[in-house]
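> pasting the sequence and the predicted coordinates here, then a few questions.
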Amino acid sequence: MTRFIVPAFAVLATASLVIAADLKSGLDKGESPAAFNVKDITGPNKGKSLCYRCQYGAKPVATVFTREITPEVAALVQEIDQAVGANKDKKMCAFVVLLTDDADAGAKQLEKLAADKKIANVPLTVYDGAAGPESYKIAKDAGVTVLMWNKMRVQANHAFAPGKLTTDDVKKIAADTSTILN
């Protein structure tokens, strides 16, 4: 009996890894990001609702949509903040969007993140609603979706199930910012 259970478990475990790797969330490469409003919690427009996609226009932009603030998400935000600071001459921009049904609690999390990680170049914002902007196609089962675009065309998309973003993923995403700097 155990001869059959172990191989069956191995097949199921492998299948779940394949499914996790194939998580689709966000816009596809080549698609154009649409306008949407967020509430700025820590950026230059703190306390205001605005559209950063509109404000940044055709500049190279990295956007992190997240439903969770984990140590890995914090590290990702810090890496992107450093990339924006290092690429001001190329007009690189970024913003983080916390997708939540509790904007007040989310704002507190973002303020703490900004203070703890000394985020200086990336506005941390809240989107009112855990689903996110409909036109961005953020999957319900995605904890983190990172979109990078330049000249209003998506160049890179990374999506992770809740709790699945790793330190290695953070490094790969940070390195991928080079795809929008041209």
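Now that the structure is in, tell me what you want to look at. For clarity, every value in this text was computed on a predicted model and none was experimentally measured. Numbering: from 1, shown residues only.
> chain center to stretch 23-33: distance?
12 Å (C-alpha atoms, centre = their mean, to the nearest Å).
> and it, end to end?
Stretch 23-33 has its terminal residues 19 Å apart, counting by C-alpha to C-alpha, to the nearest Å.
> mind listing the helices for the chain?
2-21, 52-56, 71-86, 103-117, 167-176 (DSSP state H).
> so what touches the fourth one?
Residues lying outside helix 103-117 but in contact with it, judged by C-beta atoms under 8 Å, 6 or more residues apart in numbering, are 39, 41-42, 69, 74, 77-78, 81, 96, 98, 100, 119, 124-126, 128. To be clear about C-beta, it is placed using only N, CA and C from the backbone, and glycine gets the same treatment.
> repeat for the shortest one
With C-beta under 8 Å, 6+ apart as the test, helix 52-56 has contacts from 33-36, 38, 40, 61, 63, 93, 95, 123, 125.
> out of those residues, which end up buried?
By neighbour count, with 16 or more other C-beta atoms under 10 Å, these hold 33, 36, 38, 40, 61, 63, 93, 95, 123, 125 as buried.
> in strands only, show me the residues you listed.
Counting by DSSP state E, the part of the buried ones among the contacts of helix 52-56 found in strands is 38, 40, 61, 63, 93, 95, 125.
> which of the helices of the chain has the lowest mean pLDDT?
The weakest mean pLDDT among the helices of the chain belongs to helix 2-21, with a mean of 43.
> just the buried ones from the contacts of helix 103-117?
Buried by 16+ other C-beta under 10 Å: 39, 41-42, 69, 74, 77-78, 81, 96, 98, 100, 119, 124-126, out of the contacts of helix 103-117.
> which pair of the ones in strands among the buried ones among the contacts of helix 52-56 spans the longest distance?
Using C-beta to C-beta, the pair of those lying farthest apart is 40 and 61, separated by 15.2 Å.
> which of the contacts of helix 103-117 lies closest to residue 149?
residue 96 (15.2 Å).
> wait, the closest one touches residue 62, no?
No: assessed by C-beta atoms under 8 Å, residue 96 is found out of contact with residue 62, at 9.3 Å.
> common neighbours of those two, please.
Joint contacts of residue 96 and residue 62 (C-beta under 8 Å, 6+ apart) are residue 80.
> could you give me the buried positions within stretch 148-167?
Neighbour counts over stretch 148-167 (16+ other C-beta under 10 Å) mark 148-150, 154-161, 164-165 as buried.
> only alpha carbons, please: show it as CSV.
Output of stretch 148-167 as CSV, limited to C-alpha atoms (Å, rounded to 0.1, in the frame of the first residue of the first chain):
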residue,chain,number,x,y,z
MET,A,148,7.7,46.7,-15.4
TRP,A,149,7.0,48.9,-18.4
ASN,A,150,8.6,51.5,-20.6
LYS,A,151,7.0,53.7,-23.2
MET,A,152,3.7,52.4,-21.9
ARG,A,153,4.4,48.8,-22.9
VAL,A,154,4.9,46.0,-20.4
GLN,A,155,8.4,44.5,-20.6
ALA,A,156,8.4,42.1,-17.6
ASN,A,157,5.8,40.4,-15.4
HIS,A,158,6.5,38.3,-12.3
ALA,A,159,3.8,36.7,-10.2
PHE,A,160,3.9,34.8,-6.9
ALA,A,161,1.3,33.0,-4.8
PRO,A,162,1.0,34.3,-1.2
GLY,A,163,4.2,33.5,0.7
LYS,A,164,6.1,32.2,-2.3
LEU,A,165,8.3,35.1,-3.1
THR,A,166,11.9,34.1,-2.1
THR,A,167,15.1,36.0,-1.6
